[in-house]
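[1] Just need the structure, nothing else, for what follows:
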Amino acid sequence: PLWKQSPKTMYTKNKLLQNPTHKMKLRLSGTHKLHAKSIVLTTGSFDYPLHVEHLRYLRTAATYGDILVVAMDSDELLRKRKGPGRPIAPFTLRAMTLCQLNFVNFVIKHNGDDMALVRSVKPRVYVQSMTTNQESLHSKEPVFNLVETLGGNVRILPLSRAFKVSTSALVRRIQSSGLI
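    I've put the predicted structure just below:
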């Protein structure tokens with residue numbers, strides 16, 4: 001089983017693959033395809049503070065299949081995408097937090113190569129958030145096409161109208177409050 005691999009590679013409750021090799025990703029896919037109807041894959045930063053929109057998004061993504069794999073941005077990738085001062089929490093802490101959610105089955109460190117990720121995990125469903133701007137969403141078309149070529153489906157989840165919240169906005173609000 002995956003959780004019996006080297007502790008350097010995995011974390012806790014058979015959920016975190018910190019530095020999975022290509023072979024391990026294939027094993028994840030192959031093992032679970034035998035025992036599950038479908039693997040759902042999503043990517044994201046999930047930086048602190050974790051908020052209701054993160055939870056809603058992940059819970060909804062989990063409903064599209066049997067196994068939810070979250071490819072979470074490495075610290076370097078998150079810093080590149082969000083700017084200096086980020087991440088608020090390092091990868092291991094963010095990953096350990098997501099692992100506590102009963103609807104998240106695995107967390108993989110993601111360094112930004114979506115095509116390699118999809119080829120390795122071979123998800124039945126790839127879930128993308130609409131928080132991505134239109135230009136970024138357009139740049140994801142090759143990833144979406146690959147998912148479909150491999151026999152999967154792409155789901156794009158809109159933001160909830162009730163909770164238009166983002167980590168970046170929360171961080172700015174906390175910083176402007178003068179409390180930190």
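
[2] what about the protein, any weak spots by pLDDT?
    1-37, 49, 131-136, 159-175, 178-180 (pLDDT under 70).

[3] Tell me which stretches of this structure form helices.
    For the chain, helices defined by DSSP state H occupy the ranges 12-15, 22-35, 52-62, 75-82, 91-99, 114-121, 134-139, 141-149, 167-176.

[4] Relative to Met115, how far out is the residue nearest to Thr97 when sequence neighbours are not counted?
    Computed as C-beta to C-beta, 6 or more residues apart in numbering, the closest residue to Thr97 that is not its neighbour in sequence is Leu50, at 6.0 Å. In short, each C-beta sits where N, CA and C put it, glycine included. As judged by C-beta to C-beta, to the nearest Å, Leu50 and Met115 stand 28 Å apart.

[5] Pick out whichever of those two has more residues nearby.
    Just comparing Leu50 and Met115: by other C-beta atoms under 10 Å the higher neighbour count belongs to Leu50, 17 against 11.

[6] roughly how far apart are that one and Pro87?
    For Leu50, the distance to Pro87 equals 12 Å [C-beta to C-beta].

[7] coming back round to it: these two touch, right, the residue nearest to Thr97 and Ala95?
    No. Using C-beta atoms under 8 Å, Leu50 makes no contact with Ala95, being 11.6 Å away.

[8] Next up, the contacts around Leu146.
    Neighbouring residues of Leu146 by C-beta atoms under 8 Å, 6 or more residues apart in numbering: Met115, Val118, Arg119.

[9] so how many other residues sit close to Thr60?
    Going by other C-beta under 10 Å, the residues that sit close to Thr60 add up to 16.

[10] Next: Leu101.
    Leu101 sits with 18 neighbouring residues when counted by other C-beta under 10 Å.

[11] Need phi/psi at it.
    phi -80, psi 130 (degrees, to the nearest 10).

[12] what does Lys122 give?
    Backbone torsions for Lys122, taken as degrees, to the nearest 10, come to phi 50, psi 60.

[13] swap in Asn102?
    Torsion angles, degrees, to the nearest 10, at Asn102: phi -70, psi -20.
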